[in-house]
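Undergrad: Generate a structure from the sequence data that follows.
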Amino acid sequence: MQCLRFKKEDGSPDLEERDAVLKQLFEAEPVGIFTLPAGKATIRFSPPFIISKEEISYLDEIMDKILSTKKWPPPG
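TA: This is a model prediction of the structure:
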């Protein structure tokens with residue numbers, strides 16, 4: 001299992017951003033990606049035990065598309 005946590009600039013959990021990304025993943029075309037919320041601002045990825053390279057590449061492509069449109073605070 002892997003997780004992705006969303007935080008605001010002040011370090012507090014960013015529930016709104018997490019929920020927006022969850023919705024975009026679920027509505028991805030041609031096939032939505034089912035993920036689950038975890039904790040206050042985390043997305044949990046639990047792929048099946050058998051997953052193809054093509055499926056991993058698809059997830060990577062969709063995540064890159066979604067996250068590249070976000071305005072992230074500078075690292076600090």
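Undergrad: now the helices for the protein?
TA: Counting by DSSP state H, the chain has helices at residues 15-26, 53-68.
Undergrad: wait, what's in contact with Ala38?
TA: For Ala38, the contact set (Cβ atoms under 8 Å, 6 or more residues apart in numbering) comprises Cys3, Arg44. C-beta: built from backbone N, CA, C; applies to glycine.
Undergrad: For the residue nearest to Gln2 when sequence neighbours are not counted, grab the count of nearby residues.
TA: Using Cβ to Cβ, 6 or more residues apart in numbering and skipping residues adjacent in sequence, the residue nearest Gln2 is Phe45, 4.6 Å away. Residues near Phe45, counting by other Cβ atoms under 10 Å, number 16.
Undergrad: Might one say that Phe45 is in contact with Met1?
TA: Yes. If you go by Cβ atoms under 8 Å, Phe45 and Met1 touch, sitting 6.6 Å apart.
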